[in-house]
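Engineer: fold the following, please.
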Amino acid sequence: MTGVSEGMRAAPAAPLRPLLGPYEGYRLSGFDSGVHLGTPAPELTVVISLDAPVAISATSHPQQPAGAWDTLASGLSTRAVTIEHDGNQHGIQLALTPAGSRALLGMPAAALGAWIVDLGDVLGPDAGELADRIAAEPRWPARFAILDEILLRRCLDAAVDDHLARAWQLLTGPGAPRVHDVARDIGWSRRHLITRFTAEFGIGPKDAMRVARFDRSKRLQLRRPGLTLADVAASCGFYDQAHLAREWRSLAGVPPSRWRAAELFPLVQDDVPADGAPSRA
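Structural biologist: Have a look, this model is predicted:
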């Protein structure tokens, strides 16, 4: 079956840009039913569904059962989620930096961890207002203006510690150094860095590095589907194609070749250019 995909991507208001990536509005209809993998990424995820709830049959946290959410927020994880769909989806997805978690959700990323929660649990009444007003507005630009208004209104002066922000930037960027070198760069011991880093972000330094590298490989394949896996591995800092495949099996649950063949449900947010993804902590 050939489906129809439409949507819109737009940058948030300037004061919000260190806190989250582009707004991703999507509407898909007429596809075959199936599943979509929500893969690990170096951002927290917020989804506002504008039709049926988001049905997640396998969550990132081993203790969290399957469920369905009209709005949701989830933290950083090293495991994919499995999203069931009937061939139709309509909503908005946001990608929050760890700084955005503190400023917009009022908590460090580690407070969410790998759990999925209802957006109302972290935004309170603002979540209901956000969902109701966006659902009543048919135009993407006006929907994004509502997001700007409410997110700016609740934006807190709550930054990530400067040392941790520097560590996050180094470890999730291309060509990430060793954890020991990052610790030395910020003037901490390796053990202290690991403890503080995990307490802030919910994943350790090595996992942050792995997730960021994995995410770059996914985005590169989406932008340039003709690349061989060997080229993807070389471009994204993997030792070789076998290393790329092992990391995909570990983080996504499938090798990249199978993901390429099976991922037929083209959610708009999956095609964000690498330089459009948030990178700051």
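Engineer: please enumerate residues in contact with whatever helix or strand residue 169 lives in?
Structural biologist: Assessed by DSSP states H and E, residue 169 sits inside helix 162-172. Residues from elsewhere that reach helix 162-172 (CB atoms under 8 Å, 6 or more residues apart in numbering): 42, 98-99, 159-160, 176-177, 179, 182-183, 185-188, 193, 196-197, 200-201, 205, 208-209, 211-212, 279-281. In this view, the C-beta of every residue, glycine as well, is placed from N, C-alpha and C.
Engineer: among these, which ones are buried?
Structural biologist: Taking 16 or more other CB atoms under 10 Å as the criterion, what is buried in the contacts of helix 162-172 is 42, 98-99, 160, 176, 179, 182-183, 186, 188, 193, 196-197, 200-201, 205, 208-209, 211-212, 279, 281.
Engineer: off-centre distance for stretch 88-100?
Structural biologist: 7 Å (CA atoms, centre = their mean, to the nearest Å).
Engineer: what comes up buried for that stretch?
Structural biologist: 89-100.
Engineer: for residue 158, what are its contacts?
Structural biologist: 102-103, 106.
Engineer: buried subset of those, written for ChimeraX?
Structural biologist: Only the buried entries of the contacts of residue 158 go into this ChimeraX selection, using 16+ other CB under 10 Å:
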select :102,103
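Engineer: and the contacts of residue 158, which is closest to residue 138?
Structural biologist: Nearest to residue 138 among the contacts of residue 158, counting by CB to CB, is residue 103 at 29.5 Å.
Engineer: hang on, isn't residue 80 packed against residue 35?
Structural biologist: No - Residue 80 lies out of contact with residue 35 (CB atoms under 8 Å); the separation is 10.6 Å.
Engineer: quick one, which of the two is more surrounded?
Structural biologist: residue 80 (20 against 14; other CB atoms under 10 Å).
Engineer: quick check: the more buried one vs residue 181, distance?
Structural biologist: Counting by CB to CB, to the nearest Å, the separation of residue 80 from residue 181 is 30 Å.
Engineer: same question for residue 116.
Structural biologist: Taking CB to CB, one finds residue 116 at 34 Å from residue 181.
Engineer: more neighbours, those two?
Structural biologist: Neighbour comparison, residue 116 and residue 181: the larger count goes to residue 116, with 22 against 11 (by other CB under 10 Å).
Engineer: so what's the nearest residue to that one once chain neighbours are set aside up against?
Structural biologist: Distances taken as CB to CB, 6 or more residues apart in numbering put residue 74 closest to residue 116, at 4.5 Å, once the chain neighbours are dropped. Applying CB under 8 Å, 6+ apart to residue 74 gives the contacts 44-45, 60, 81, 112, 114-117.
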